[in-house]
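# Here you go, sequence then predicted model.
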Amino acid sequence: MQRIYFDNAATTALEPQVLEVMMPYLTEKFGNPSSIYSYGRENRMAIENARKTVARILHAHPAEIFFTSGGTESSNTAISAAVYDLGCKHIISSPLEHHAVLHTIDHLKRTGAVTVSHVKLLPNGHVDMDDLQEQLSSATKKTLVSLMHANNEIGNMLDIEAVGELCRQYNAIFHSDTVQTVGHFPFDLKKLYIHFITGAGHKFHGPKGVGILYVNENVKIQPYIHGGSQERNMRAGTENVYGIAGFAKALEMATANYAQDSAYINDIKMYMMERLKKNIAQVSFNGDPCGKSLYTVLNVSLPKTEKAEMLLLNLDINNICASGGSACTSGAEQGSHVIGALNSNKDNIAVRFSFCKHNTKEEVDFVIDKLQELI
């Protein structure tokens with residue numbers, strides 16, 4: 001029986017063309033990029049070519065792109081640098097952030113390095129921009145604003161330009177966790193007022209274990225990981241050459257096909273919404289799925305019944321992969337902190353379905369049939 005994979009916000013399948021680009025660096029091109037002989041130099045060239053590709057696509061300068069192990073390391077680096085290197089003493093964030101951001105901020109607060117406040121949320125889960133402006137205008141200490149571009153659980157998208165303008169106006173540092181949007185939306189970093197963004201290869205059909213941190217050229221920070229001069233003295237450790245080559249290729253492919261892929265995936269998302277409304281009584285949706293929202297994510301609120309209590313397990317038994325919240329906490333028997341913060345109905349069960357270009361409407365039909373049986 002075929003497996004239906006509707007958890008693409010957790011990770012995506014590696015594209016065959018991406019694997020093809022990675023293979024030489026897993027086999028014959030095994031040199032250390034820090035070595036001076038030809039084996040090393042061809043690896044160094046692969047990294048620098050990848051950096052140029054990523055910079056071109058994001059409209060950044062190659063010197064602003066650093067390769068990391070993924071979004072979590074990138075966000076940890078950016079937030080810590082804002083505090084320890086750029087002098088931020090206060091952080092404005094939101095309760096809906098990814099744990100890579102929330103736990104980093106909590107740690108800095110516990111050590112007494114910063115004070116923290118959360119921006120108010122509108123009923124649909126969007127950031128209250130008036131409250132953000134109010135907090136920035138009354139801040140007495142240098143402030144870091146850390147708000148994600150698109151929520152990984154409910155898909156809500158931040159107006160990143162408007163937040164950037166507020167940060168410019170009040171001289172705040174701006175970090176955005178863009179893990180769900182790099183590779184899914186066009187970026188023009190030259191036009192944005194932003195100091196740090198993050199990316200992870202496995203969210204757009206690239207490899208796991210590789211990410212990027214964009215550091216605006218006007219910002220000078222110290223390394224987060226010490227021990228070597230790799231990544232232009234910014235990140236010690238031998239580079240993940242095959243991962244970096246794969247990241248750049250996956251980003252290139254995602255960008256080239258953005259218009260058709262995004263339209264196709266959004267069509268599947270909207271089709272699933274319509275089918276759910278038609279076939280499941282009392283279904284509702286978390287966030288703002290028809291408004292400013294990620295085209296890949298649909299967070300569904302289903303009525304709690306005895307059968308529905310075991311819904312994710314039963315979907316899995318039927319070869320359907322979906323998530324109860326963020327996959328990064330799966331296995332932990334706790335409800336989603338995002339859904340909890342939205343004050344949604346505690347008697348409902350939240351399920352996240354997230355789509356990619358390989359999904360089909362036939363798969364949606366199959367899932368709807370199973371949901372009818374299970375609920």
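Structure's in. What do you need? It should be emphasised that the depicted structure is a prediction, and the values quoted were computed from it without experimental measurement.
# Give me the contact list for the helix or strand harbouring R41.
Here R41 sits within helix 38-58, counting by DSSP states H and E. Here helix 38-58 makes contact (C-beta atoms under 8 Å, 6 or more residues apart in numbering) with 25, 29-35, 60-62, 64-65, 67, 182, 187-189, 197, 212, 214, 239, 241, 244-245, 247-248, 251-252, 255. All C-beta spots, glycine's among them, are computed from the backbone N, C-alpha and C.
# Please repeat the previous calculation with a cut-off of 7 Å.
If you take C-beta atoms under 7 Å, 6 or more residues apart in numbering as the criterion, helix 38-58 is touched by 25, 29, 31-34, 61-62, 64-65, 187, 189, 212, 214, 239, 241, 244-245, 247-248, 251-252, 255.
# Can you pick out the ones from those residues that are in strands?
When DSSP state E is applied, those are split such that 65, 212, 214 fall in strands.
# So which of those wins on neighbours?
For these, the largest number of neighbours (other C-beta atoms under 10 Å) sits with I212, at 31 neighbours.
# Look at the closest residue in space to that one that isn't next to it in sequence and report its pLDDT.
Leaving aside its chain neighbours, I212 sits nearest to G199 (4.4 Å; criterion: C-beta to C-beta, 6 or more residues apart in numbering). Per-residue pLDDT puts G199 at 98.
# Likewise for the one 3 residues further on?
Residue-level confidence at H202 comes out at 98, pLDDT.
# Identify the residues contacting it.
Taking C-beta under 7 Å, 6+ apart, one finds 11-12, 208 in contact with H202.
# For these, give me a markdown table that also has secondary structure, neighbour count and pLDDT.
Output for these, formatted as a markdown table (DSSP: H, G, I helix; E, B strand; the rest coil; neighbours: other C-beta atoms under 10 Å; pLDDT from 0 to 100):
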| residue | secondary structure | neighbour count | pLDDT |
| --- | --- | --- | --- |
| T11 | coil | 16 | 98 |
| T12 | coil | 24 | 98 |
| K208 | coil | 16 | 98 |
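# Just name the closest of these to I339, please.
Nearest to I339, judged by C-beta to C-beta, of the contacts of H202 is T11 at 20.7 Å.
# Grab the CA positions of stretch 195-209 and hand them over as PDB.
The C-alpha trace of stretch 195-209 is given here as PDB (Å, rounded to 0.1, in the frame of the first residue of the first chain):
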ATOM      1  CA  HIS A 195      19.800  41.700  10.200                       C
ATOM      2  CA  PHE A 196      19.400  37.900  10.300                       C
ATOM      3  CA  ILE A 197      17.400  35.300   8.500                       C
ATOM      4  CA  THR A 198      17.700  31.500   8.600                       C
ATOM      5  CA  GLY A 199      17.100  28.500   6.200                       C
ATOM      6  CA  ALA A 200      17.200  24.700   6.300                       C
ATOM      7  CA  GLY A 201      17.800  22.600   3.200                       C
ATOM      8  CA  HIS A 202      15.400  19.800   4.100                       C
ATOM      9  CA  LYS A 203      12.300  22.000   3.900                       C
ATOM     10  CA  PHE A 204      12.500  22.400   0.100                       C
ATOM     11  CA  HIS A 205      13.700  18.900  -1.100                       C
ATOM     12  CA  GLY A 206      17.300  19.400  -0.100                       C
ATOM     13  CA  PRO A 207      19.400  17.400   2.400                       C
ATOM     14  CA  LYS A 208      19.000  17.400   6.200                       C
ATOM     15  CA  GLY A 209      21.800  18.700   8.400                       C
END
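# Perfect, that will be all.
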